[in-house]
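Novice: prediction below, plus the sequence it came from.
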Amino acid sequence: MINISIPEKKSKSFIENFFIKKGLVDIVEKSRGVNYKVNDLQISAPYKPVLNDLYRLFQFNVKKNINGINTGNKNLMSMTRDVLKFEYFFTPSIIIVVDCRSANAKFLKDNLIRKWKYIIDKKNEKYIFLLKDEILGKYNLLQNKFFKSKKNE
């Protein structure tokens, strides 16, 4: 059985100073950035980090092996989840190509919610997702026709 103690809550200034002392000034600066809302249709920067959450995770930083695995293991794969955040902003017929990252493609395949066609190009190690939802309106219909016209070229 693993004994876990939840760290006590710290003030915003304490947490900011904690990351600054660790040499992570850029994370502190980014956390002070714009706080995007769900209805913001265009996001030109990644979501700002939530320092309180990062601080709490940092307290659980594993410094030893557990079952022969640790987070510093270079064989572990990073997962992309940004696509999941933006899934409902995608219009039908959008295409996502995952290049040479089969674990990421499997992660997306398992976690995307809308109707996606999943194609594997084993020879070139490409994983293709095509959103197959119903057409949303006039402009999406034109986009869909454009994609289909390029298919025959």
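Specialist: Great, that's in hand.
Novice: what segments of this structure are strands?
Specialist: For the chain, strands defined by DSSP state E occupy the ranges 95-99, 116-121, 126-131.
Novice: now render the ones you listed as CSV, adding distance to Phe89, mean pLDDT and mean neighbour count.
Specialist: Any C-beta I mention is one placed from the backbone N, CA and C, and that applies to glycine too. Shown next, in CSV, are the strands of the chain (distance: least, C-beta to C-beta, whole Å; pLDDT from 0 to 100; neighbours: other C-beta atoms under 10 Å):
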stretch, distance to Phe89, mean pLDDT, mean neighbour count
strand 95-99, 13, 86, 14
strand 116-121, 15, 92, 13
strand 126-131, 11, 90, 17
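Novice: do you know how far Ser149 is from Leu142?
Specialist: Separation of Ser149 from Leu142 (C-beta to C-beta, to the nearest Å): 10 Å.
Novice: and if you look at Pro92?
Specialist: Using C-beta to C-beta, we find Pro92 at a distance of 12 Å from Leu142.
Novice: now the longest helix along the chain and strand 95-99, what's the angle there?
Specialist: Scanning the chain for the helix with the most residues, using DSSP state H, yields helix 138-151. With axes from the mean of the first three to the mean of the last three C-alpha atoms, to 10 degrees defining the directions, helix 138-151 sits at 50 degrees from strand 95-99.
Novice: residue contacts, the residue nearest to Ile95 when sequence neighbours are not counted?
Specialist: Closest residue to Ile95 apart from its sequence neighbours, by C-beta to C-beta, 6 or more residues apart in numbering: Leu130 at 5.5 Å. Contact partners of Leu130, counting by C-beta atoms under 8 Å, 6 or more residues apart in numbering, are 93-95, 116-117, 119.
Novice: I'm done for today, thanks for sticking with me.
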